[in-house]
Every structure is written in structure tokens, then in C-alpha cells.
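**Q** generate a structure from the sequence data that follows.
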Amino acid sequence: MFAYYSMLYEIRSLLPCRYHRKNAIFMKWGADYFNYRIVKTADLPADRNYIVGSHPHGMLCLGMTQSFASYVAGITELYTGFKTWTVTLWGQFLYPLRRELLMIGGRSRLLANCRLMHFQAQESRQAVTIVVGGLNECLMSQPGKYRLKLKDRKGFIKLALTEGADLVPMFHFGENETYKPVFGICEKRLRNMQCHLMHTFGFCPPVLVGRSLVGLPWGGLVPFQVRMESVIGDAIRVEKNPNPTQQEIDELHHAYCKQLINLFETHKSNYGIRPDQRIILY
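**A** Below is the predicted model of the structure:
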């Protein structure tokens, strides 16, 4: 029975569980807790499909969860008529319970044939969100630091070209301040252990500390109550190319990185970030 159940859910994980989207009381609580809002900087034409790059990953992807994995922050009012999806690596769905939590959170699997799940569902108005940095970026998460794993992340660029989906950068201000790592990023032994777990199982639990509800001096697991806002940039027009060359992928990747950095630089002063602080790409 357990094997059969797991097989069915492996198939079902191709599509997200959407029940929570209009009835997510816990999502509303999260938005209220962070006084969360989405900042729209440009209109997105409704006759196009979009791949939205979500940055930074943070410890638990709270910004992406509030913005595109639910409707509580008003994403459908800001971009009328769009259907939003969030996708993650297929390996995240191999483990029972974790898979169900991801599905309830609106995630579905990211496969090579992602278009069969989403872009072919309707002709346009699809917005698929990908947390580009992944677990590597999670392990680099630290308050006041803006380190993004992006230099060698070009799979989503190729997907945008092959599907003809425009690219949209999104930056979550406050994401890295929701938790603190228990050990610094240079703690070699812990980092080696986390990397081993990541390569073996596809994920590893972040070692983090948050707020304690009962006043424990060493903290707790509740995220710090910080101001969090997601700023969504303008779209980069992408023409469909079923067989892009490496040069075309590299050029579009460079344009995307440049637009993401410009988005951060334009808005960082609104969130108390010093003028000399920059995004560092790895």
C-alpha cells in the first residue's frame, strides 16, 4: 500500500496542489507577520508567457512562497489574468511527507518537458517561478549579505529560449534577514557535511536560528519579524529558439544578470541597504 501510495504521488507531483491558493489562512498569517507586499515596477503583456527568476533563496524561500506560490499578497490583482506556478527540482518529491508539504505549498516538479505541464496548458498568461540559486545559495544565506548562485545557472535561460518565454527578475528584500545561520559560511566542517548530504540526498536541512516565542536565549525556529517585500522587474523579451547556441544562451544570461543587478541597485535604498553594498554573483 505504501509503495502504491508513493507511486501515485510521484505521478501527482507533476502538478501542484492548488487547494491552498484561495483558502490559505496560514499564508495570510505569514504575509501579515512580515507586513509583506509585492512591488510592481512594470506591466507584463498578457499575450506572453514568463519565467520569473526568484532571488535570493534565503533559508526557506519565504519571499517566493508569499509572492507566487499563493494569492494572498495580491499577485493576481497586480497582473490580471495570469496563472502562476512555482517549480522545484524533481528530487525534492522523492521523499514522502516532504513531497506533500511542497505540493500544499504550490510547488510542482521542474522537468526538461516543463512546457507540457505549464506552457501548453494555455496559450499565454503563464508565469512559472524558479528559485535559481537553489540549495547552494541557501547555504550562503546570511543577513546583510547578497550572495547569489547565478554565474553557472543557465538552464532556465535555455528553457526561456526553447519555450519563447520572457524572463523576469524578482528580488526579495528582507529574505536573508528572516533567519541567521548557526555557523558562519566559512565553518568548513559544517559546510562539508551539508555538501555531502546535498549530493547524496538532493537536499540537506539548513542549520539556522530564528526567533523564540518563549524567550529562549539561543533563539528558536520562528523567522525574525522583518520587513519583507518582493520587487518584480521588467520583462526581457525572448524570441523562441528551439535550438539555441551556447553563445545565445550566454548573451541572454548576461542580459538577465545585468537587469537583476540594476533592479537591486535601484531599490536597495528603500530598504536601508548601504550604497556600497552590492550583489555578488557566484
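**Q** verify the stated contact: M64 with V87.
**A** No - between M64 and V87 there is no contact under C-beta atoms under 8 Å: 10.7 Å. From N, CA and C alone the C-beta is placed, and that goes for glycine too.
**Q** find the residues that touch each one of the two.
**A** Taking C-beta atoms under 8 Å, 6 or more residues apart in numbering as the contact rule, M64 and V87 both touch T129.
**Q** more crowded one of the two?
**A** Shown here are M64 and V87; by other C-beta atoms under 10 Å, M64 has more neighbours (27 against 22).
**Q** against G53, how distant is that one?
**A** Noted for M64: a distance of 10 Å to G53, by C-beta to C-beta, to the nearest Å.
**Q** mutual contacts of the two, please.
**A** Common neighbours of M64 and G53, using C-beta under 8 Å, 6+ apart, are T129, M170.
**Q** where does this protein dip in pLDDT?
**A** Residue ranges of the chain with pLDDT under 70: 1-24, 89-124, 183-188, 191, 194, 198, 201-203.
**Q** what is the lengthiest helix in it packed up against?
**A** Using DSSP state H, we find that the single longest helix of the chain is helix 246-267. Judged by 3 or more C-beta pairs under 8 Å, 6 or more residues apart in numbering; DSSP states H and E, helix 246-267 is in contact with strand 50-55, helix 155-163, strand 166-173.
**Q** in TSV, list the ones you listed along with mean neighbour count.
**A** Below are the helices and strands packed on helix 246-267 laid out as TSV (neighbours: other C-beta atoms under 10 Å):
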stretch	mean neighbour count
strand 50-55	26
helix 155-163	20
strand 166-173	24
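**Q** how many neighbours does S67 have?
**A** Look at S67: counted by other C-beta under 10 Å, it has 30 neighbours.
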